[in-house]
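Asker: Sharing a sequence plus its predicted fold:
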Amino acid sequence: MSLFQTWLPYLLAGISVGGQYALIAIGYTMVYGILRLINFAHGDVFMAAGLIMVYLSTALPLWIAIPLTLALTVALGFLIERAAYKPLRSAPRMSVMISAIGVSYLIQNCALYFTGGLAKVYPPIPWISDTVEVFGAITKRVTLITPILSLFLVVALVLFIKKTKVGIAMRAVARDFEASQLMGIKINSVISATFVIGSLLAGVGSLLYFSNYASVTPTSGGMPGLKCFVAAVFGGIGSIPGAVIGAFIIGICENVIKGLGWTTFSDAFTFALLIVILLVKPTGLFGEKSTDKV
Amino acid sequence: MKKFLAVVLSLCMVLALVACGGSKEEAKGDVVTIGVFEPASGDNGAGGKQETLGVQYANAKCPTVEIGGKTYQVVLKIVDNESADDKAPSAAAELVSAGCSVVLGSYGSSVSRAGGPTFEAANVPVVGITCTNPAVTEGNKYYFRVCFLDPFQGTVLANYALKDLGVKKAYCLNKLGDDYSGGLVNYFIEAFEAGGGEVVHEEFPEGSMDFTSYVATAKAEGCGVFFSPVSTEAAQLIIDQTVAQGAEFPLLAGDTWDSNVILQAAKGKNVNITVTTFYPEGANAEFDEGFKAWLEADSAMLANNGGDTTISAVSAMGYDAYFVALEALKAAGSTEPAKVMEALWNVSYQGVSGPIAFDQVNGDAIRNTAFVKQANTADGTWNALPAVTVG
Amino acid sequence: MTKTKEEKRDAIIAACCIGAFYVLILILEAVVPATHILFSILKKSAVYSLAAVSMNLLNGFTGLFSLGQAGFMLLGAYTYAILNMPTELKLGTSVYKYYECAIHFDMGFLPSLLLAGVIAAVFAALIGIPVLRLKSDYLAIATLGFAEIIRAVFQWEALGPVTNGANILSGFTDLNHIYIPFTKIAIPPTFFVMLLSGICIAIVLLLINSSFGRAFKAIRDDEIAAEAMGINLFKHKEMSFIISSFFAGISGALLAMYQFTVKAATFKTAMTYEILLIVVIGGIGSISGSCIGSFLFIACNEWWLRFLDESSNNIAGLNIFRSGFRKVVFSLIIMVIVLFFRKGLMGDKELTAKNVRQFIAGKKSEKKAKGGEKA
């Protein structure tokens, strides 16, 4: 077997995971860019999207279940922002972060309660769950679709942020919270829009992720969530292309590490990478340099 | 206003405390409490629930016991240990505090080991149902168990792989820091290598979802069998991803995989799954029928069994363990935990899963038979293969 | 520093209250059967209060948002377990099943406990040098990352001869086997663990009230101003980090003693979050708050709310009470506290005689005001 053929399965797994991480990482990077908040609950929104899909698909045909899942995920993200973050707008940043941890705890425990602690099997989605052969490696079609779809969504998102009014408002708020408020930007609706987009992408990410790894448990969101945040920091927090590239790097590295037989360290490696980048280039790969104001 | 709220809040806490203290006072006739120390959530939630079902069914069937000439009502105290080692001691303390005469459980060797010392310190005997790691009962005279042990099960599986499957190279995967899968894999490797085989061994960290890389390694190494006796949560993913990658090797596992969760995951897929287990469905028609009827009568119970009436071996083991506990209570002639412990050593009982008696060293059941099952992926049932008896 | 008469009186009252508390624990242990769950909760909350206080020292008093507590507790727990485990056990096969133990000596309980803290502190010193340059959230995520790395390293097969791989460690001195020196009289376990963590917390309290503590608070309130006042930022941050990790290490060792067994897999990020929530519930910047918070948190989570899990409480076919409901209710309570009682139970105040007096006085005046309204 050639070297290429040996490594191809790991690379494929890495690219596909990377694409799914990318979609989640965007949610982190956008929220952080605007609110300076590590939204610890984002990974759990992603998990909740998976569970919603599991429950909806038992009752409804897929073509209704999928859009409805996305709509409900968006509603959840919106609700979390309104209920748990908005009241703390003027509170110290640490309080908001703790509120995020609390929400994450709450979502996980609700999921635990509703599923009874059992893993739920994700419904196979025809076509994208089928297996295909790529250069001799057999994999699910979703593996190939993921990077393409992720890149497509990212380009769309970048255009949205550059061209539309809401996008411009988002960038303004991210640059200077108070000045943009004075300029007449409705902060709350901009923040809500951020959460809506982030949750929508997390919903799409969850469709792809759980089609690949077809089992949802209450803690499914924890590790991917943390890794996606690391990806966002790695790429430079606040930067969307950065988050995407960071996510792909982390997804691929993680699987290559496993291929090398260092499975114990597959999660730890992500954090080691993070610490190295923070020390060498604290703003991440594409982050803008910020100066502290006295 | 805030101060007022603070006072109200603290009053609530105190009231809760009082309520907790108060609720324990109510005694209704002669009651003996049997604790059920099982996970209802976490990695082993599915298996723990099925094991608990066996105990609950046994309790429904035989709710009283004659102790020292008096009839006692048996009350089950079910506490969730969350499949977490750090929650196990306080779950165990809760059972001890509730005044249990004897405790049953747990599914999963890790939590059993973590909870064991608490029971030992409180002198409450525990009958392990399906915790197969030898270390659970070693040096703890309060811990007994009704199932076979991993060195035995590992040998049976290794022999099956070597002789029946005829493979020379095996891939072993276990969860990092999990006593059950780590122990079983270790004994499998010992036996497999002693039989002239070669092994590739990897471990995955807790919370892994992505098993494609592990399957890819097994394929790349040219392994003839994939041995992965992990929790059912991970098993679903492993089955799915093995099929997705078109791997042709058979999957081999221990007793945890004997669950309808596995059958549901494998149904309609081209995959060969073989497991060793404690009890094959159909071995005791009376138990099977009774248990199925009982499950169907209550939708909550049916949901706990995973939505259908496939009988997991762990349920049968839970059923047997309950009766072993009753036998011990009868023999002890007292609800005193220490006396029950003394009595347990000499209990012998003919269970649905076979005769049960304890050895005099660690209090392990003397068993030498393992049943082998293969998943029938066409209709989602188990096919029984010939049972294996060693020694 | 001269003390007024009132301050002296308050100090005496406080000392008496603490003394009375410990006597109460001793009496409880003598009267209530030792197997009662109250003691499990008290022991665990004593351990967690120390962990919470050590975290509070960083987050509440120095303003360093660190999420590495579980990692340092793991270091402490492993150091204690490995050093204290009797040599025969290490060489036997009952604990080190798959490895041959490379450590051929054992230590008494106190030196192991101290070393548990020291090892954690040494690691903190090393980690602190690069990490403490980072700001707020970055520091949080980097320390969290380090905790995860420590956990992975301790599970590494290559270190098996020392750490027993990812497998459980047991057989070391636990809380039930602590004796008064040179005698065979066992010290009541709950009293003992409370005493130990009480001493550690007292040391932290003394530190906070010293000139170092004032420097820490200055850094928390305004780094740049503190630096301008001549406070060496890095030195003080590093010191706070090391001291906090030292006590986290000791609390890890105590946790090992409480649990009877140690396993790396249990020291997850979730554990750090739990401790953080305790600190928040108690009040960021309040030592006594952390202690009260830890008792309430543990008691609610593992004791008082358990009735919510019991399906026998269901009325009329409603299947509300089932396993997991306890956790939902518990997390709702936490959210309510986080959102509506932002300062936690104690804010940044301490439970002192003076504050209690003021609190009661405040209540009275409130009542008076209300009474006035009615009239």
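Answerer: Everything's here; your move.

Asker: Of all residues in the stretch 1-150 of chain C, which one is closest to chain A?
Answerer: Of all residues in the stretch 1-150 of chain C, residue C:145 sits closest to chain A, at 3.1 Å by Cβ to the nearest Cβ. Backbone N, C-alpha and C define where each C-beta goes, glycine included.

Asker: ok, that residue - contacts?
Answerer: With contact set as Cβ atoms under 8 Å, 6 or more residues apart in numbering or on different chains, residue C:145 has these partners: A:230, A:270-272, A:274-275.

Asker: Of the residues you listed, which belong to helices?
Answerer: Counting by DSSP state H, the part of these found in helices is A:230, A:270-272, A:274-275.

Asker: Please list only the buried members of the residues you listed.
Answerer: For these, a burial check counting by 16 or more other Cβ atoms under 10 Å in any protein chain shown picks out A:230, A:270-272, A:274-275.

Asker: near chain C, which of these show up?
Answerer: Restricting those to those near chain C by Cβ under 8 Å from any Cβ of the partner chain leaves A:230, A:270-272, A:274-275.

Asker: Nearest to residue B:265 among the residues you listed?
Answerer: Checking these against residue B:265 by Cβ to Cβ gives residue A:270 as the nearest, at 28.1 Å.

Asker: which stretches of chain B have low pLDDT?
Answerer: Along chain B, segments meeting pLDDT under 70 span B:1-28, B:391.

Asker: where along it do the helices fall?
Answerer: Going by DSSP H, chain B shows helices at B:2-23, B:45-61, B:88-97, B:109-121, B:150-159, B:179-194, B:212-220, B:232-244, B:260-266, B:285-296, B:299-304, B:313-332, B:337-344.

Asker: list the buried ones in the second one?
Answerer: Yep, that's helix B:45-61 we're talking about. Going by neighbour count (16+ other Cβ under 10 Å), the buried part of helix B:45-61 is B:45-59.

Asker: can you check the fifth one too?
Answerer: Of the residues in helix B:150-159, B:150-158 count as buried by neighbour count, 16+ other Cβ under 10 Å.

Asker: now the strand ranked longest in chain B against helix B:313-332, angle please.
Answerer: In chain B, assigned by DSSP state E, the strand with the most residues is strand B:70-80. For strand B:70-80 against helix B:313-332, the angle between stretch directions is 140 degrees (axes from the mean of the first three to the mean of the last three Cα atoms, to 10 degrees).

Asker: Kindly indicate which of the buried ones among the ones in helices among the contacts of residue C:145 lies nearest residue C:46.
Answerer: Nearest to residue C:46 among those, with distances taken as Cβ to Cβ, is residue A:271, at 30.9 Å.

Asker: Please tell me how far that closest one sits from residue C:126.
Answerer: Residue A:271 sits 16 Å away from residue C:126, going by Cβ to Cβ, to the nearest Å.

Asker: do residue B:208 as well
Answerer: Here the criterion is Cβ to Cβ. By it, residue B:208 lies 29 Å from residue C:126.

Asker: what about these two, which has more around it?
Answerer: residue B:208 (22 against 12; other Cβ atoms under 10 Å in any protein chain shown).

Asker: residues in contact with the spatially closest residue to that one that is not a sequence neighbour?
Answerer: In space, residue B:208 comes closest to residue B:234 once its chain neighbours are excluded; the distance is 7.0 Å by Cβ to Cβ, 6 or more residues apart in numbering or on different chains. Residues counted as contacts of residue B:234 (Cβ under 8 Å, 6+ apart) are B:43, B:175, B:204, B:208, B:211, B:228.

Asker: Work out which residue lies at the spatial centre of the chain.
Answerer: Here I'm looking at chain A. Per Cα atoms, centre = their mean, the C-alpha nearest to the average position across chain A is that of residue A:24, at 0.9 Å.

Asker: Wait, chain B was what I had in mind.
Answerer: What sits nearest the mean C-alpha location of chain B, by Cα atoms, centre = their mean, is residue B:107, with 2.8 Å.
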